[in-house]
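Asks: fold the following and give me the result.
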Amino acid sequence: MAADSTLLLSLVEEFVSGLQDSKAKDAAKGVKDGQFTVLQLVEALGLSLTSSQAPTRARGVQLLSEVLKECYGELTEREVEVLIAFYENRLKDHYVITPPVLQGLKALTKCTTLPPGSAVSMLRSLFQDVHVQSLMLTERACVYSMLINLMETREAELKGLGADFVFGFVQSMDGERDPRNLLLAFRIAKNIIDRGYDLGKFTEELFEVTSCYFPIDFTPPPNDPHGITKDELIQELRGVLTGTPKFAEFLLPLIIEKLDSDVPSAKLDSLHTLTACVSQYEHKDLAEFLEGLWTSLRREVCLDCQHHLCEPDLKLVWPSAKLLQAACCASNRASHIVAAAVMPSLIEQYNSRTQCSHRRTLLEVVQRFVQSVRTSQPSVSDESVLSAFRDALCSIVFSALSESNSSLQITATSVLISLAQQTGLLLNSDIELAVDHLTRLLLTEEDDRVSAAVVECAGALAELHPAAFITKLIPRLKKEMFSEPMAQDHTEPSQQHSHHAMRQRCLSALAAVSKQASVVQESTPVLLEVLSSAHTGGVSFSVDEVVLACRSLQRIAEQVEDTEETGQCFHSVIIPRLLSLALQAALQGDSSPGVGSPLVEAAVLSAMVPVISSSCSRLQPTLAAQTASRAVSLFLDGDVSFLPDNSFPSHIQLLKKQQKDSWSQSQMVCLLMGCVCSLPRSVEVPQIDQLLSELEEMSCSCSHQLSYTSAAKCFAGLVNKSPQGDSLDSLIQRTMKRVCSELDSASSSVRIQAFTLMIWVAKALLLRYHPLFTTLTDKLFSLLDDTDLGPMAADGFSLLMSDFTDVLNRSCHADVRIMYRQRFFSENSAKLVEGFNAATQDKKPNYLKALSNIVNKLPKQVQVTELPALLSLLLEALTCPDEGVQLSTLSCLEPVLINPPAALVQQLEALVNRLIPLICSPAMNVRIASLRCIHALSHFPVHEVLPFRARVLRALAKPLDDKKRLVRSEAVLARGEWFLLGSPGGR
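Replies: Alright, predicted model coming up:
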């Protein structure tokens, strides 16, 4: 102890008399290490603290304060109490001693052992004995920091001071000029207001001491190291001034005064502050000042804005228009006044202008006003504000639609939508003329942007005015779609392409307009006729066009209003028609192999599936049950009685094994999946046991990929919805026994089929948390070591974790439990790690790919949490030659690198070593993803990444000349960030 005492006295002497500031850190270390206590340090400082020389006393207090800054967390309540008493007494000492005293008190305000009542005691001494604004900048900041600390930890005590606390703060802040300290002071004032401190009779004083800075006039100096901006100060001050209605009587006159200023920035700040006030204040707070506010605002809005709308170059047209539109939205009366003043001028301007860019700008302004008027109209029964301008508005819209300028046409479609949404504004003749213009553009306009805008406009108008589209647009589109292009020998390729593009636009438009049941009744027969003509060859339609027709039917099924009428249409007409056409094509394919219908193509059948599943998922229970019965009887019994054009043979067996190499009929099982797997779980599927048996047989014996895959998915979809019980368990066990026997036989010819069935059943059970899922999981893990099926098993983990649109999703009423991905990961990640460690070198890539597929599908929050434990494996995955593994792993890492956990920063060198080779990968997507990860690395702590700067910059030189533009763009962004590391103005 004597040695420690000698050391302490030596440190004190060297700091106080020898002016060696570094000894303060040694003293703090001694306290932290337990060599001596803070009170022992005070005793050792005795001679210094009682010296007759003020500088000596100041050095003594400074040493104590420096130690407290490092050791405040280790003080006892008794020690804190003694130190506070000492410091409060020192505030009365010579002014030279005040700065270190304040530093010590600031450290004590952070103590968790602060005795009750000490916060009030400190502040009373501070407010009484210190004139804050006579202090230097750093000491003033120290005072503000003390207040902030105590407000966070001793709020109740400070509120006990009542209005005295507010008065003390006002005195401390009064006259502050430094922007750094102003930010602190504004935050204290905002806390006083937001946390309900008693302002008492000092409300006006608090307002005055803060409002004297309004509006903020601050320009940060060049290369400002503190980074304080004018906007920061504005936002903090605005939060204070608008924080309480008690300031209304002082603030609103100030705003009115500043609105009359000639300084634009003052006006702008005043308007923003007024906006913030209005959202906080009640009418009684504003009532007295409304007239003055309106006078100032009216002068700004009305006098200047209308003038700017007529300027030749239209430079200020948008700011002016926005102001007038805001006024227009205020009320129905305001919209009448503004529209009457503005609309004639805009219409006249449009008609007098010749430049398309000017016309487009004016048309956009018109649209905004139309939308503003709609917002302010109180009742649909009231006459529209725009009724007086209907003829002129329709004239300029139809004129713009007739122009050749694409931007003008697109804007005109938007205005037309807005006009149509004004109840009762457009007449039937206006709608019919609009339909004529839209039809013409659909048939002739080849610009993709224009056609997309026209399709959107047609959809919006058809929902409001279906009759004109039924009588005019649909018949015209049908006529043009079914017209054949000129003879192929004489038709230029460009003409054929143009005809194909026109058909695509028409098919998209038919879907867009079909939102009302009455339109669906007319549009769906046209789309079905496209499929029929493609099958019979009556009119030549390509496979792409047939697929697009199916997608249009799907869109209609998804968007049409769910009524009994539309349900009956899909149940009685569309689904039977699709099944009939597909069956005719399949039978024709078997009987005439050389004659191919487009309807046997996998792309077409796959496009039919979502049409059927979307419509079945929305059917009413009765119709859903009938649909299920019909579909099952067709596929199990060959019952074709409900199909139109019923000329089918009587021996149809769609689920039985077909003749060798015949797959036309078996692949129709995908349509069965669409029917029965999308029905609500309450609908009972008839003959379910026989159906499951036939599907299992097809899954395990058919050699056609679409057929056995669809059968497996259909089997899984039914298993997912089956009731829990012994029947389901025995079905799963029986299926697994067969699947495992095929998988375990290396010579089996149907191993791939068996694996496909297993993985889809596994997904069905995973989604519903079925206990037997672990049996399938264990089998899947064992297959990662299989020579033939290992890569496929690794891809199977992606299937387990992914969503699919055709089956096993919530829209198909599947049994999907929440957080199933997280559960699967938590239960199986350890198995993957163990398997990887035990696997031979040639099988390790399978485990890496499986892990990458799982982690890539997890929510980002889970990835961040779990990644440190798996980081070594993911880094190993980056060296795997499989590009799919690389891309999946990079996709996992990129979002985590943005806010990296500590474990990732520690692996920085390994990350750099593995990412740099990937920026030269043959796969473009891998190059892009690796460049994004390298870009993210530049945001790691500077001292961590700076040693790699030169190496990374050299590596990034090559992708700057990559042949792909997207790669070059990512390389430029990454190299720019790395180049700025450690540079002036950089990080």
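Asks: who's the closest spatial neighbour of the residue nearest the centre of the chain, skipping the chain neighbours?
Replies: Centroid-nearest residue in the chain, with CA atoms, centre = their mean: residue 860, separated by 12.3 Å. Nearest non-adjacent residue to residue 860, counting by CB to CB, 6 or more residues apart in numbering: residue 895, 4.9 Å away. Where C-beta positions appear, they are placed from N, C-alpha and C, glycine not excepted.
Asks: roughly how far does the one you found sit from residue 877?
Replies: 16 Å (CB to CB, to the nearest Å).
Asks: higher neighbour count, the two?
Replies: The neighbour comparison of residue 895 against residue 877 (other CB atoms under 10 Å) goes to residue 877, with 28 against 14.
Asks: for the more buried one, what are its contacts?
Replies: By CB atoms under 8 Å, 6 or more residues apart in numbering, residue 877 lies in contact with 848-849, 851-852, 885-886, 888-889.
Asks: out of the residues you listed, which are inside helices?
Replies: Among those, the ones falling in helices (DSSP state H) are 848-849, 851-852, 885-886, 888-889.
Asks: ok, so of these, who is nearest residue 229?
Replies: Distance ranking of the ones in helices among the contacts of residue 877 against residue 229, using CB to CB, places residue 889 first at 39.7 Å.
Asks: rewinding a little: check the ones in helices among the contacts of residue 877 and tell me the two furthest apart.
Replies: 851 and 886 (13.0 Å).
Asks: comparing those two, which shows the higher neighbour count?
Replies: Each of residue 851 and residue 886 has its neighbours counted (other CB under 10 Å); residue 851 has more, 28 against 25.
Asks: who's in contact with the more buried one?
Replies: Counting by CB under 8 Å, 6+ apart, residue 851 touches 829, 832-833, 836, 870, 873-874, 877.
Asks: repeat that for 7 Å
Replies: By CB atoms under 7 Å, 6 or more residues apart in numbering, the residues touching residue 851 are 832, 870, 873, 877.
Asks: distance check, it against residue 293.
Replies: In terms of CB to CB, residue 851 sits 64 Å off from residue 293.
Asks: beyond the helix or strand residue 950 falls within, next helix or strand please.
Replies: Per DSSP states H and E: residue 950 is located in helix 949-956. Next in sequence after helix 949-956, counting helices and strands by DSSP H and E, comes helix 965-980.
Asks: could you list the residues in contact with that following helix?
Replies: Contacts for helix 965-980 (CB under 7 Å, 6+ apart): 924, 927-928, 931-932, 934-935, 938, 949, 952-953, 956, 959-960, 962, 986-987.
Asks: so among these, which ones count as buried?
Replies: Among these, the ones that count as buried by 16 or more other CB atoms under 10 Å are 927-928, 931-932, 934-935, 938, 949, 952, 956, 959, 962.
Asks: that older thread, now the ones in helices among the contacts of residue 877 as CSV including distance to residue 919?
Replies: Output for these, formatted as CSV (distance: CB to CB, whole Å):
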residue, distance to residue 919
848, 20
849, 21
851, 23
852, 19
885, 17
886, 11
888, 17
889, 15
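Asks: how about CSV for those residues, with distance to residue 945 and pLDDT added?
Replies: What follows is those, written out as CSV (distance: CB to CB, whole Å; pLDDT from 0 to 100):
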residue, distance to residue 945, pLDDT
848, 26, 84
849, 29, 85
851, 27, 85
852, 25, 82
885, 26, 80
886, 22, 85
888, 25, 80
889, 21, 83
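Asks: with respect to residue 866, which of those is nearest?
Replies: Nearest to residue 866 among these is residue 851, at 11.0 Å by CB to CB.
Asks: mind listing the strands for this protein?
Replies: Read by DSSP state E, the chain holds no strands at all.
Asks: helices and strands of it: which one bottoms out on pLDDT?
Replies: helix 304-308 (a mean of 69; mean pLDDT, DSSP states H and E).
Asks: residues in contact with residue 392?
Replies: Contacts for residue 392 (CB under 7 Å, 6+ apart) come out as residue 347.
Asks: give me the local confidence score for it.
Replies: We note a pLDDT of 90 for residue 392 in this prediction.
Asks: could you do residue 897 as well?
Replies: 82.
Asks: ditto for residue 691
Replies: At residue 691, the pLDDT value in this model is 92.
Asks: is it true that it touches residue 636?
Replies: Yes - the pair residue 691 / residue 636 is scored as a contact, 6.2 Å apart, by CB atoms under 7 Å.
Asks: before we move on, back to that, I'd guessed the residue nearest to residue 860 sits against residue 858; true?
Replies: No - using CB under 7 Å, residue 895 makes no contact with residue 858, being 10.7 Å away.
Asks: run a quick neighbour tally on the residue lying closest to residue 209 once chain neighbours are set aside.
Replies: With sequence-adjacent residues excluded and distances taken as CB to CB, 6+ apart, residue 209 is closest to residue 170, at 4.9 Å. Residue 170 has 18 neighbours, counted by other CB under 10 Å.
Asks: all helices for the stretch 51-200 of the chain, in order.
Replies: Taking DSSP state H, counting those that start in this stretch, the helices of the stretch 51-200 of the chain run over residues 54-71, 77-90, 98-108, 118-129, 137-153, 155-160, 163-173, 179-194.
Asks: which one of these is the most hemmed in?
Replies: With neighbours taken as mean count of other CB atoms under 10 Å, the helices of the stretch 51-200 of the chain reach their highest mean count in helix 98-108, at a mean of 24.
Asks: out of the contacts of residue 877, who's nearest residue 335?
Replies: Closest approach to residue 335 among these (CB to CB): residue 888, at 55.1 Å.
Asks: from residue 922, how far off is the closest one?
Replies: Separation of residue 888 from residue 922 (CB to CB): 17 Å.
Asks: neighbour-wise, which of those two wins?
Replies: Set residue 888 next to residue 922 and count neighbours by other CB under 10 Å: residue 888 wins out with 24 against 7.
Asks: so who does that one touch?
Replies: Shown in contact with residue 888 (CB under 7 Å, 6+ apart): 852-853, 856.
Asks: for the closest residue to it other than its chain neighbours, give me its contacts.
Replies: Spatial nearest neighbour of residue 888, chain neighbours left out: residue 852 (4.1 Å); criterion: CB to CB, 6+ apart. Residues near residue 852 by CB under 7 Å, 6+ apart: 877, 885, 888-889, 892.
Asks: tell me the two of the residues you listed that are most distant?
Replies: 885 and 892 (10.8 Å).
Asks: out of the helices of the stretch 51-200 of the chain, nearest to residue 779?
Replies: helix 137-153 (57.3 Å).
Asks: what mean pLDDT does that closest one have?
Replies: 91.
Asks: rewinding a little: distance check, the residue nearest to residue 888 against residue 571.
Replies: Residue 852 sits at a distance of 44 Å from residue 571 (criterion: CB to CB).
Asks: now residue 101
Replies: Distance from residue 101 to residue 571, by CB to CB: 86 Å.
Asks: try residue 176
Replies: For residue 176, the distance to residue 571 equals 76 Å [CB to CB].
Asks: do the same with residue 948
Replies: Separation of residue 948 from residue 571 (CB to CB): 65 Å.
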